[in-house]
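Visitor: Here you go, sequence then predicted model.
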Amino acid sequence: AQSVTQLGSHVSVSEGALVLLRCNYSSSVPPYLFWYVQYPNQGLQLLLKYTSAATLVKGINGFEAEFKKSETSFHLTKPSAHMSDAAEYFCAVSDVWNNDMRFGAGTRLTVKP
Amino acid sequence: DAGVIQSPRHEVTEMGQEVTLRCKPISGHDYLFWYRQTMMRGLELLIYFNNNVPIDDSGMPEDRFSAKMPNASFSTLKIQPSEPRDSAVYFCASSFRGTSGYEQYFGPGTRLTVT
């Protein structure tokens, strides 16, 4: 069965600094990979997804992620953090054959002024 | 599209009472998921349906929890009797098998407090 591990339950950056949120996956079949964002008191919102097309995926709000098969990673980055990026971020994996999506434990991003 | 709709948004009830949470998925979606989110356990998948049929309910914590999907546009999650440890945010999500994978669309959640 597939799974994801998010490294770091809490990441803190200064406004304008690089954001890097780490996600490693485990899957015996080609995976679909996703990043979701959750703002306080809201549901999860899709940021971006990898579905076996381009390995560098661009999402909303300036975020992007790169699929690296050799490293089984799908890290999320943003060149310059904004205060509005403060939220919880979830990495998720499903496979190409079924809809059983598995979420990571989440990483809470804090942006300092 | 209005997105996934959940009701109520907040529910406060006393231990032992029956609680029913409701969900309307996005029109055309054929998968529906129920999740529970707590600080201690994170986001847990409780059950999911495909074409109104329950596929995997292994995440349902115990017999007090039940879920139904009588038609493609409505699902309920029922807890009877409720207990304080059921306090959590419950999310409903829906998806479809498009050409670009199974991305799930989440509702705003129902915050349940059992006193």
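Guide: Thanks, I have it.

Visitor: interface residues of chain B facing chain A?
Guide: Residues of chain B lying near chain A by C-beta under 8 Å from any C-beta of the partner chain: B:4, B:31, B:33, B:42-43, B:45, B:48, B:50, B:56, B:91, B:93, B:95, B:97, B:100-109. (Each C-beta comes from the backbone N, C-alpha and C, glycine too.)

Visitor: What subset of those is buried?
Guide: B:4, B:31, B:33, B:42-43, B:45, B:48, B:50, B:56, B:91, B:93, B:95, B:101-109 (16 or more other C-beta atoms under 10 Å in any protein chain shown).

Visitor: What residues does the most centrally placed residue in chain A make contact with?
Guide: Chain A has A:W35 as the residue nearest its centroid, 3.5 Å off, counting by C-alpha atoms, centre = their mean. Shown in contact with A:W35 (C-beta atoms under 8 Å, 6 or more residues apart in numbering or on different chains): A:21, A:23, A:46-49, A:59, A:63, A:65, A:74, A:76, A:89-92.

Visitor: Okay, and which of these map to helices?
Guide: Judged by DSSP state H, the contacts of A:W35 include no members of helices.

Visitor: is the most centrally placed residue in chain B in a bridge, and if so with what?
Guide: Geometric centre of chain B, nearest residue: B:W34, 3.0 Å, by C-alpha atoms, centre = their mean. Using DSSP bridges, the beta-bridge partners of B:W34 come out as B:I47, B:C92.

Visitor: My read is that it contacts B:C23, right?
Guide: Yes: between B:W34 and B:C23 there is a contact at 7.4 Å, judged by C-beta atoms under 8 Å.

Visitor: Between those two, which contacts overlap?
Guide: By the contact definition C-beta under 8 Å, 6+ apart, B:W34 and B:C23 are jointly contacted by B:S75, B:L77, B:C92.

Visitor: And the first one, how far from B:C23?
Guide: Distance from B:S75 to B:C23, counting by C-beta to C-beta, to the nearest Å: 5 Å.

Visitor: Excluding chain neighbours, give the residue nearest to A:G59 in space.
Guide: Among residues not flanking A:G59 along the chain, A:L48 sits closest, at 2.8 Å (C-beta to C-beta, 6 or more residues apart in numbering or on different chains).

Visitor: ok, what's across the strand from that neighbour?
Guide: Going by DSSP bridges, A:L48 forms beta bridges with A:W35.

Visitor: count of residues packed around the residue in chain A positioned nearest to chain B?
Guide: Proximity of chain A to chain B (C-beta to the nearest C-beta) peaks at A:G43, 3.6 Å away. For A:G43, the neighbour count with other C-beta atoms under 10 Å in any protein chain shown is 22.

Visitor: residues contacting the residue lying closest to it once chain neighbours are set aside?
Guide: Distances taken as C-beta to C-beta, 6+ apart place B:F106 nearest to A:G43, at 3.6 Å, with adjacent residues excluded. Applying C-beta under 8 Å, 6+ apart, we find B:F106 in contact with A:Y36, A:G43, A:L44, A:Q45, B:V4, B:F91, B:C92, B:A93.

Visitor: want to throw those residues into JSON lines with distance to B:P81?
Guide: Formatted as JSON lines, the contacts of B:F106 follow (distance: C-beta to C-beta, whole Å):
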{"residue": "A:Y36", "distance to B:P81": "33"}
{"residue": "A:G43", "distance to B:P81": "27"}
{"residue": "A:L44", "distance to B:P81": "29"}
{"residue": "A:Q45", "distance to B:P81": "34"}
{"residue": "B:V4", "distance to B:P81": "27"}
{"residue": "B:F91", "distance to B:P81": "22"}
{"residue": "B:C92", "distance to B:P81": "22"}
{"residue": "B:A93", "distance to B:P81": "26"}
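
Visitor: Cool, thanks, talk later.
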